[in-house]
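[1] 3D model of this:
(chains A and B)
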Amino acid sequence: MSDKKLGVKKLAIKDYDPKFLEKLLYDMLLIRRFEEKAGAMYGLRKIGGFCHLYNGQEAVAIGSIGALDLSRDYVLTGYRDHGHALACGMHPNQIMAELYGKVTGSSKGKGGSMHIFDAEKHMMGGNGIVGAQIPIATGIAFASAYDFKLGKTKDMGVTLCYFGDGAIHQGAFHESLNLARIWNLPAVYIVENNHFGMGTAVSRVSAVSDFDVKAKGYNMPGITVNGMDVLEVYETLKSIVKEVRENGIPWLVDIKTYRYKGHSMSDPAKYRSKDEVDSFKNQDPIVQLKQKMLEAGVLSESGYQKMDDGIKELVQASVTFAEESPEPALESIYQDAYAE
Amino acid sequence: MALITYREALNQAMDEEMARDDRVYLMGEEVAEYNGAYKVSKGLLDKYGPIRVIDTPIAELGFTGLGVGSAIVGLRPIIEWMTMNFGILALDQIVNNAAKLRHMSGGQLKCPMVVRGPNGPAEYLSSQHSQALASYFAHIPGLKVVSPITPYDAKGLLKSAIRDDNPVIVLEAEMVYGHTGEVPDEEYLVPIGKADVKRSGSDVSFIAYGKPVLLALQAAAELEKQGISAEVVDLRSVRPIDEAAIYESVRKTNRAVVIDESWPIASIGSHVSHLIATNCFDDLDAPVEYVSCEDVPMPYNHALELAVQPSVEKIVKAAKKVLYL
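    Next comes the predicted model:
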């Protein structure tokens, strides 16, 4: 199967409902501003530990999670998870408070940056072991297929499983994709290919440069997507999710993207050139969409400014919320290890 | 009461729980069409079909992690590892996910899953297939670990494990799958975290779990001929450990021999010895003795492999030492 068969729509910007475009722009900008603020607060030592920022990759989470029905679909990712959490509809307050380790955080201060969960919104983490979320996502897809096969549901929920180009070399990837295909589990495996596993360029550790070819080894469809274009991500994933929901055949999607920041806050990213970073910043997903909307006359510069101001206020409020929230009680160390 | 094998007891536990709750499914290598590498799952495929009794590829990490994922959205998987040795390949999913997801999510998730399979040495299997790995799992907060050795305990504990909302590792023993014992005709559960006094005595306490419980019972019978009354406490669960039951026995006999088929360093046995030494110091008439596996990998040669493991003779000798005989 190839992307030709998928029949992804290529719509002109004016064919979209302006409200929809505005939401995509808003959601991406919220992640950008949230991450900028998280980075700043980390610099002020308000946030500790490892903190992996999503700047530059916003179109991936927003475009793909936008194609889901989160009442029945699920999202899992690795430790660079703030963007996916926001894309699933989590409030910035919950996430910022978790980064601060406060009791009002999404995991009551037990998880931190790498472990953002919201079970009700089907954001299932947030995993700190490279690739360890891939078997779990496969299991959630298994549960969807299980209930469908037992006749308990009319169709299947789809699980989106995100991981980086570094994770694809783990055995967990291989074992999971094989399991998903032999049993036709409704999962979409998304490589957020930002070209670096921490400080190591993909070309140094991978025998292939386009990961969609690996799909052939599992007899499943694969595709490469431009992750700097939110509409391409959205349309591609919408078509894939619809197909997977119907036939259960999993997909491998290689989404090419770029992270503007280092691997984590402690990484100055000296392994890549300024020119390379700039070349991707010139394709910035937020700037691109904004430009297209301005040109199509569905957004004004003042409208954009107003949106940005509102987002900055919301993000600043999340910092205030986190700062003013109480620390967890010391007795809470004995809670949440076991279910009663 | 019916006389059944340990293997049948495990099978009945899974059968009854699968009949009771369609969230329960069984997955592992050779569990379905082959009826189980040790025939523990015999007949379950015919009864429950391929949606709920599932053969996997040889991919322990993958299918164990799949079990974790299905559990956090409401299924209750029973994952069979052909042996605990193969489960080492899946430790990441057990240690980093099954045991941690509830905690890292601030209590939002739960992971009701069972991982079961034979633990410890059998015969003529050399180093990779003869490892007693209880402490690998018991070390990890977020897990529960049980180690039944009689058909009665196997059935009752596996049923409890399947109903538990936490990940439970069930350590079985290859050498006892064919052992018989009585189980009630009516439904029953054995609670996780409760030890059982398998033999009452007054002179010395043997504290053990898993296969060494059987050695301890033989040693107690041997000692009885010499006029020594040994009590055998079967921990049954190693996380959580029933500390109260240990102390009650030691405070009665004032002497303790701990037996564990694991290696001695950082083992359940060494922890239990520490607990007794710390909490029963004033009650002890002798230092705690510890009979463990010798601190070497398991050899293939039969005489050598027997020499490496705890034995009736070693336990009798340890008992006499704490009795100053």
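[2] From now on I want contacts and neighbour counts done on CA atoms only, so please keep to that.
    Noted.
[3] Next, work out how far apart the residue of chain A most remote from its centre and chain B are.
    Ranked by distance from the centre of chain A (CA atoms, centre = their mean), the top residue is A:Glu331, with 33.7 Å. With the distance defined as CA to the nearest CA, to the nearest Å, A:Glu331 ends up 14 Å from chain B.
[4] what does the stretch 151-300 of chain B put close to chain A?
    B:165-166 (CA under 8 Å from any CA of the partner chain).
[5] Run through the helices of the stretch 151-300 of chain B in chain order.
    Here the stretch 151-300 of chain B has its helices, by DSSP state H, counting those that start in this stretch, at B:151-163, B:212-225, B:243-253, B:268-279.
[6] Then chain A?
    Using DSSP state H, the helices of chain A run over residues A:3-6, A:18-43, A:58-65, A:82-87, A:92-99, A:133-149, A:171-182, A:202-205, A:230-247, A:274-281, A:285-296, A:301-324.
[7] Does at least one residue of the fifth one sit close to chain B?
    No: using CA under 8 Å from any CA, helix A:92-99 stays clear of chain B, coming no nearer than 10.2 Å.
[8] my guess is B:Leu235 meets B:Pro212, correct?
    No: B:Leu235 is beyond contact range of B:Pro212, at 11.0 Å (criterion: CA atoms under 8 Å).
[9] Give me the below-cutoff pLDDT ranges for chain A.
    Low-confidence segments of chain A (pLDDT under 70): A:1-5.
[10] near chain B, which residues of it show up?
    A:106-111, A:115-119, A:125, A:129, A:132, A:135-143, A:146, A:149-150, A:172, A:175-176, A:179, A:335-340.
[11] quick one: average pLDDT of stretch B:197-214?
    Regarding stretch B:197-214, the rounded mean pLDDT is 98.
[12] Now find how far off-centre that stretch is within its chain.
    Here the centre of stretch B:197-214 is set off from its chain's centre by 15 Å, with CA atoms, centre = their mean, to the nearest Å.
[13] for stretch B:133-147, same thing?
    Here stretch B:133-147 shows a centroid-to-chain-centroid distance of 9 Å under the convention CA atoms, centre = their mean.
[14] Neighbours of the closest residue to B:Met84 other than its chain neighbours, how many?
    Among residues not flanking B:Met84 along the chain, B:Asn119 sits closest, at 5.3 Å (CA to CA, 6 or more residues apart in numbering or on different chains). For B:Asn119, the count of nearby residues is 26 (other CA atoms under 10 Å in any protein chain shown).
[15] For B:Asn119, give its distance to B:Met27.
    Distance of B:Asn119 to B:Met27, given as CA to CA, to the nearest Å: 18 Å.
[16] hang on, the earlier thing: narrow the residues of chain A next to chain B to just the buried residues.
    With burial judged by 16 or more other CA atoms under 10 Å in any protein chain shown, the buried subset of these is A:106-111, A:115-119, A:125, A:132, A:135-143, A:146, A:172, A:175-176, A:179, A:336-339.
[17] on that earlier part again, dump the helices of chain A to TSV, plus distance to B:Ala13.
    Output for the helices of chain A, formatted as TSV (distance: least, CA to CA, whole Å):
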stretch	distance to B:Ala13
helix A:3-6	47
helix A:18-43	50
helix A:58-65	41
helix A:82-87	40
helix A:92-99	42
helix A:133-149	22
helix A:171-182	27
helix A:202-205	47
helix A:230-247	35
helix A:274-281	58
helix A:285-296	55
helix A:301-324	49
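[18] Which one, of the ones you listed, ends up nearest to B:Leu158?
    Nearest to B:Leu158, of all the helices of chain A, is helix A:133-149, at 22.2 Å by CA to CA.
[19] ok, A:Ile223 to B:Val316 distance?
    Per CA to CA, A:Ile223 is found 68 Å from B:Val316.
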